[in-house]
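>>> Quick one, what's the 3D model for this:
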Amino acid sequence: MNDADPPTLVFLHFLGGSSNTWRYTIDHLPPSTRCLVIDLPGFGAASALPGGSVSAMADEVIATIGRTVRGRWVLVGHSMGAKIATVIARAAEHGAEALSGLSHIILLAGSPPAPEPMSEESRAEMRGWFQGSADESMAQARRYIANNIADSLDPSAHQAAVADILRTNRAAWVAWLDSGSRENWAARIGTLRTPALIIAGAADADLGAEAQRTLMAPHFTHHRLITLAATGHLIPLEQPAALARLIEDHADLPHNNNTIDASYRALIASDRVSTHTRAALLARTLPAAEASPFNDQQTRTLHAVIARVIPPAVAPPNLATTIAASFAAPRGWRFAALPPDTEAWSMALDTLNHRANHRWNTMFIALSPAQQDTMLTELAAGDTNAAPASLDASQMRLWFEDFRAAAVRAYMAHPATLARIGYSGIAYGGDGDHKPGFHPIGLDVVEPWEPKPRAPHAPAGQGA
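From the prediction side, this is the model:
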């Protein structure tokens, strides 16, 4: 699988939608884009099926992907489809063979892994729909659309959406309202490494930006949350052109920052690099062997702080686990004002959440990037006005200094970073007595074998 190859986009629709939901967005994508649009059980061309649980619907999608998709692919889920998408992403990260190649996930107005925040009045009203005359069902379908958009739809899109809703299997409709939307997958989903683009409509009352920030974003180590103005819940129908651009930008990102250019892989494998150095470099591309000393919430917070210090676009995905695993062996020093390393870092991560909750009534990972930056900037300055917590202001300032050093050290030591900057110091000599070394010495003098720095946005090569 080559990162430079264009991915297949796999689309999952909203409650009452179908594969047809995506036609307007796909019209705005490059003509060569490979797309797989799936009708979930009970909807669209699959309306003969009665629907089912979140797990059952995810299994159907996984089977379809396994039969159809080869190479790199990106998962796009809208509303109901977004909840199912998180279950599929978890299966992919657990190593499901049918799902190899998942690189990114895009979630629109997502129903979160936790129970969906829907009022019981709305749930009861919608449960009673589509049982009367054709005219009554038509009016209910139109009301459903009107309740979920900010303004109006293109007439053809509106007509197609109404038709999709009316052919929905009512058993599938009720199953989602009564069961699927209530299912709690939060603990099972945990924290996903797959880079996520989370999109919300500013006028979406139930699943807008705040719901996405607090209920969806915390499940992703690397995510970007975008709110579309003058947009409700039906994003693919309201903003197909804007959505297409966002999908295109996100899908084009290199899917694995652990990748190393072919020329740099060749240098690592060459006789200029010692066996010990080569083993150490390649070990840095693998998941950490040591168990993390941090609990789940602390780990999520650690990922979030790293994302504000090392940009996710260049950070290796195992950076947090590398840092956490480094505490398996004592470092031999620490700030005298701080407890031992593991204890100090656990307390510091808890303190960040305590301060975020005191100031914004939420955990650190659910804050906007600007709010996170505000907290960290104040932390670096030794802010003394923060709420009391496990570590005081001076201790948090020292911890954040230690954190930045550890994060940058782990980032710079990764072979992907060394390849990006064209670092040749790993090739000082091989295993034999004769060391090839460097010959011409001088400012800006580069030998033919030395790697060249990679342009900041150049396509990555295959992983080592």
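
>>> and residue 10, what element?
Using DSSP states H and E, residue 10 sits within strand 8-12.

>>> now do residue 230
For residue 230, there is no host helix or strand (DSSP H and E).

>>> any low-confidence regions in the stretch 51-200 of the chain?
Within the stretch 51-200 of the chain, no stretch has pLDDT under 70.

>>> neighbouring contacts of stretch 143-162?
Stretch 143-162 is contacted by residues 16-17, 20-21, 23-24, 126, 129, 138, 141-142, 165, 201-204, 230-234, 237-238, 240 when judged by CB atoms under 8 Å, 6 or more residues apart in numbering. (C-beta placed from N, C-alpha, C; glycine too.)

>>> And for stretch 340-356?
Stretch 340-356 has contacts (CB under 8 Å, 6+ apart) with 293-295, 297-298, 301-302, 305, 327, 330-331, 334, 338-339, 362-364, 366-367, 371, 375, 386-387, 389-391, 395-396, 399-400, 402-403.

>>> Also stretch 39-46?
Residues outside stretch 39-46 that contact it (CB under 8 Å, 6+ apart) are 12-13, 16-20, 47, 49-52, 56-57, 60-61, 80-81, 84, 164, 167-169, 171-173, 175.

>>> Same question for stretch 92-100.
62-63, 65-66, 88, 91, 102, 192-194.

>>> So among those, which ones count as buried?
Listed as buried from the contacts of stretch 92-100 are 62, 65, 88, 91, 102, 192-194; burial here means 16 or more other CB atoms under 10 Å.

>>> Only the buried residues of stretch 17-37, if you could.
Buried residues in stretch 17-37, defined by neighbour count with 16+ other CB under 10 Å: 17-26, 29, 33, 36-37.

>>> Phi, psi for residue 403 please.
phi -60, psi -50 (degrees, to the nearest 10).

>>> Would you quantify the distance from the closest residue to residue 397 other than its chain neighbours to residue 444?
Excluding its sequence neighbours, the residue lying closest to residue 397 (CB to CB, 6 or more residues apart in numbering) is residue 382, at 4.1 Å. Using CB to CB, to the nearest Å, we find residue 382 at a distance of 41 Å from residue 444.

>>> ditto for residue 27
Computed as CB to CB, the residue 27 to residue 444 distance reads 50 Å.

>>> For stretch 373-381, which outside residues touch it?
Outside stretch 373-381, the residues that reach it (CB under 8 Å, 6+ apart) are 305, 308-309, 352, 355-356, 359, 364, 367, 386, 396-397, 400-401.

>>> run the last query once more with 7 Å
308, 355-356, 396-397, 400 (CB atoms under 7 Å, 6 or more residues apart in numbering).

>>> Equivalent analysis for stretch 264-284, please.
Contacting residues not belonging to stretch 264-284 are listed as 322, 413-415, 419, 426-427, 429-431, 436, 451, 464 [CB under 7 Å, 6+ apart].

>>> would a markdown table of the buried ones among the contacts of stretch 92-100 with distance to residue 185 and secondary structure be doable?
As requested, the buried ones among the contacts of stretch 92-100 are exported to a markdown table (distance: CB to CB, whole Å; DSSP: H, G, I helix; E, B strand; the rest coil):
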| residue | distance to residue 185 | secondary structure |
| --- | --- | --- |
| 62 | 15 | helix |
| 65 | 19 | helix |
| 88 | 11 | helix |
| 91 | 12 | helix |
| 102 | 17 | strand |
| 192 | 12 | strand |
| 193 | 17 | coil |
| 194 | 15 | coil |
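
>>> returning to what we had before: what's the PyMOL line that selects buried ones from the contacts of stretch 39-46?
Here is the PyMOL command that selects the buried residues among the contacts of stretch 39-46 (16+ other CB under 10 Å):
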select buried, resi 12+13+16+17+18+19+20+47+49+51+52+57+60+61+80+81+84+164+168+169+172+173+175
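
>>> Among the contacts of stretch 39-46, which are located in helices?
Mapping the contacts of stretch 39-46 onto helices (DSSP state H) picks out 56-57, 60-61, 80-81, 84, 164, 171-173, 175.

>>> one step back: what is the mean pLDDT for the strand holding residue 10?
Taken as a whole, strand 8-12 has a mean pLDDT of 96.

>>> From the contact counts, what lies against it?
strand 34-38, strand 73-78, helix 80-93 (3 or more CB pairs under 7 Å, 6 or more residues apart in numbering; DSSP states H and E).
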